[in-house]
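Q: compute the structure for the input listed below.
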Amino acid sequence: MTTISDDFMKQMLTSTKGYTVVILKAGPNRERPDVQQIIWEHARRNFALRADGLLSIVCPVTDESEVKGIGIFNADEGETKKIMDADPGVIEGVFVYETHSARSFPGDALAIN
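A: I've put the predicted structure just below:
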C-alpha cells in the first residue's frame, strides 16, 4: 500500500468540494402494475441529469435490499431535494430517498477495470 504523508493529506483536503449523496429506497408503491414504465422514465431522467452535469455518479443497487440506488449530485442538499422531488419515481411513490451532505475530490471517478 502507498504511504501517504501528513503534508500530502493536508494539501489534498484543501481541494475537496461539497456534493450531496442520495440513497434511493423502495417506496410504498414499488409493486404497482406499471412500475417498470415509471422506473424507465426515472432512468431516462437520470441520463439527462448526468448529461447536464448534475448527477456525477449513479449506481443502481441490484441486491434484494430496500436500497435501490445511490447517487452523488453536483449540487447542494436543497437543490438536490428539489431535483429528487420532481423525479417520476418519487412522485409516484415507487421510490423514497434520503440526502446526505458530503465532500469529495473533484474529478474522482469509478475504476475502469
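Q: where are the low-confidence patches of the chain?
A: Applying pLDDT under 70 to the chain flags no residue at all.
Q: one more time with 90, if that's ok
A: Across the chain, the ranges flagged by pLDDT under 90 are 106-113.
Q: which other helices and strands does the top helix by length along the chain contact?
A: Of all the segments of type helix in the chain, defined by DSSP state H, the longest one is helix 35-51. Contact partners of helix 35-51 among helices and strands, from 3 or more C-beta pairs under 8 Å, 6 or more residues apart in numbering; DSSP states H and E: strand 55-60, helix 88-91. In this view, the C-beta of every residue, glycine as well, is placed from N, C-alpha and C.
Q: the longest one: which residues count as buried?
A: It stands for strand 55-60. Using 16 or more other C-beta atoms under 10 Å as the test for burial, strand 55-60 gives 55, 56, 57, 58.
Q: now the third one. Nearest residue, chain neighbours left out?
A: Spelled out, that is residue 57. Distances taken as C-beta to C-beta, 6 or more residues apart in numbering put residue 72 closest to residue 57, at 4.1 Å, once the chain neighbours are dropped.
Q: picking that back up, ok, which of the helices and strands packed on helix 35-51 comes nearest residue 30?
A: The closest of the helices and strands packed on helix 35-51 to residue 30 is helix 88-91. By C-beta to C-beta, the value is 9.2 Å.
Q: name the helices or strands packed onto whatever helix or strand comes next after that closest one?
A: Proceeding N to C from helix 88-91, the next assigned helix or strand is strand 95-104, under DSSP states H and E. Contacts defined by 3+ C-beta pairs under 8 Å, 6+ apart place strand 95-104 against strand 17-26, strand 67-73, helix 77-85, helix 88-91.
Q: recalculate using a threshold of 7 Å.
A: Here strand 95-104 touches strand 17-26, helix 77-85, going by 3 or more C-beta pairs under 7 Å, 6 or more residues apart in numbering; DSSP states H and E.
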